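Q: Provide a 3D model corresponding to the input given below.
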Amino acid sequence: MTIYNFSAGPAILPQEVLQKAQASLLNYEDSGMSIMELSHRSSLFLDVINQAEQLLRDLMKIPENYRVLFMQGGASLQFSMIPLNFAQHKKALYVHTGAWAKKAIQAAQMVPNVEVEVIATGEATNFTAIPTIPEEAFDQEAAYIHITTNETIGGVAFQTIPDTKTIPLIADMSSNILSNDYQVEDFAMIYAGAQKNIGPAGLTVVIIREDFLNDTPIFSPMLDYAVQAKNESMYNTPPTFAIYMAGLVFEWLKEQGGVPAILKKNQEKANVLYDALEASNLFSSPVDPASRSLTNIPFVTGDDAIDKLFVKEATAAGFENLKGHRSVGGMRASLYNAFPLEGVQALVEFMHTFEQKQGEK
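A: As a prediction, this is how the structure comes out:
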């Protein structure tokens, strides 16, 4: 039986990447050492991290005046690091689009000497649409504006990036980095946990404009972006294996034709599922069509018992991790870059069969 993994993260990785990694576990580049045993100061690993950075720069067209950092702690650590580094005794603006934006807001509110203002919220639509940001909310004296480009749980995504004028824009891009054609120049900082489109859990990628780096040291060097940049991601031992895996994924993405080609594939995959939901009399998408994510697609039947039955039967048929997040219920299909089109097509066929059986009851 073919298994299709719809997990929201840690998520599916390209089979070619896993095969290359497997070969490196015992003997990397004829060194006699595993990739996981390499010193982070060795020439072998320096080649790994430098190549990973260059591949990412090529894929995202990252300008020279941006630094690329390979960090730890997940996107959740960035929630606190960002206000700590950039908003001391200042105002920070946030757009509330769902569960992950909420966590970023709550973390910022706990950082001393930071004034947090939520300038737009999707609460009125139960976070099923990206809210409109009123122009008067753009306080040009603010330290930054923070957005979550894609809500993994709620399945909403920014289709266009807001023009914040002179206010630095920061984005949590964890679940749609390298799968949407956002322009790095539109942001002062981008960050993303790796475990969705980049590689295994344990690595966080930060892309930050040099003139945005804080020039006043903070109390903890480990939490200071300027220190991390100065030490080229090696203030302490970085997650070496996760960086190696990320480099393999970047290489795979380049072989696929880069971000424009992968975006086209992602649109095709998402359209297959969204079209099926629109045509269905049982399943539906709760998300406003203008805000729908390409990577995380929630859907429901409107009956919790039927939702649970569908997840049970789908799992038995090889469709893993379709259960929706506990906070919203229903189902969710996460279609990250490595997820195959045939998996979506198989899911749609299974949904059709399930619907027919429900109609016969």
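Q: for the stretch 151-300 of the chain, what spans make up the strands?
A: 169-172, 189-193, 204-209, 296-299 (DSSP state E, counting those that start in this stretch).
Q: In TSV, list those strands along with mean pLDDT, mean neighbour count and distance to residue 83.
A: Every residue, glycine included, has its C-beta placed from N, CA and C. Formatted as TSV, the strands of the stretch 151-300 of the chain follow (pLDDT from 0 to 100; neighbours: other CB atoms under 10 Å; distance: least, CB to CB, whole Å):
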stretch	mean pLDDT	mean neighbour count	distance to residue 83
strand 169-172	98	24	10
strand 189-193	98	26	12
strand 204-209	98	23	15
strand 296-299	98	25	26
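Q: Make TSV out of these and add distance to residue 154.
A: Shown next, in TSV, are these (distance: least, CB to CB, whole Å):
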stretch	distance to residue 154
strand 169-172	13
strand 189-193	17
strand 204-209	22
strand 296-299	7
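Q: Can you say which of the ones you listed is nearest to residue 64?
A: Nearest to residue 64 among the strands of the stretch 151-300 of the chain is strand 204-209; the distance by CB to CB comes to 10.7 Å.
Q: For whichever strand or helix holds residue 91, what is the distance to the chain centroid?
A: Assigned by DSSP states H and E, residue 91 belongs to strand 90-96. Strand 90-96 has its C-alpha centroid displaced from the chain centroid by 20 Å (CA atoms, centre = their mean, to the nearest Å).
Q: strands paired with that strand, and their directions?
A: Its sheet considered, strand 90-96 pairs with strand 114-121 (parallel), strand 144-148 (parallel) by DSSP bridges.
Q: out of the strands of the stretch 151-300 of the chain, nearest to residue 342?
A: Judging the strands of the stretch 151-300 of the chain by CB to CB, what sits closest to residue 342 is strand 296-299, at 16.5 Å.
Q: hmm, who's touching that closest one?
A: If you take CB atoms under 8 Å, 6 or more residues apart in numbering as the criterion, strand 296-299 is touched by 8, 150-155, 175, 270, 273-274, 277, 283-287, 324, 328, 330-335.
Q: about what we covered before: nearest to residue 69, out of the strands paired with strand 90-96?
A: Nearest of these to residue 69, taken as CB to CB: strand 144-148 at 17.1 Å.
Q: Name the residues of that closest one that are buried.
A: By 16 or more other CB atoms under 10 Å, the buried positions in strand 144-148 come out as 144, 145, 146, 147, 148.
Q: doesn't residue 180 make contact with residue 60?
A: No: Residue 60 lies out of contact with residue 180 (CB atoms under 8 Å); the separation is 10.7 Å.
Q: quick one: low-confidence ranges for the stretch 101-250 of the chain?
A: Within the stretch 101-250 of the chain, no stretch has pLDDT under 70.
Q: can you give me the helices in it?
A: All helices of the stretch 101-250 of the chain, identified by DSSP state H, counting those that start in this stretch, fall at 225-230, 240-255.
Q: Could you say which of these is packed most deeply?
A: Most buried of the helices of the stretch 101-250 of the chain by mean neighbour count (mean count of other CB atoms under 10 Å) is helix 240-255; its value is a mean of 22.
Q: now what about that helix, what contacts it?
A: By CB under 8 Å, 6+ apart, the residues outside helix 240-255 that reach it are 13-14, 16-17, 20-21, 24, 35-36, 38, 40, 45, 48-49, 51-52, 55-56, 58-59, 70, 178, 194, 197-203, 205, 259, 262, 337-338.
Q: go again using 7 Å as the cut-off
A: Contact with helix 240-255 is made by 13-14, 16-17, 20-21, 35-36, 38, 40, 45, 48-49, 51-52, 55-56, 58-59, 70, 178, 194, 198-200, 202-203, 262, 337, as judged by CB atoms under 7 Å, 6 or more residues apart in numbering.
Q: Just the buried ones from these?
A: By neighbour count, with 16+ other CB under 10 Å, those hold 13-14, 17, 20-21, 35, 38, 40, 45, 48-49, 51-52, 55-56, 59, 70, 178, 194, 198-200, 202-203, 262, 337 as buried.
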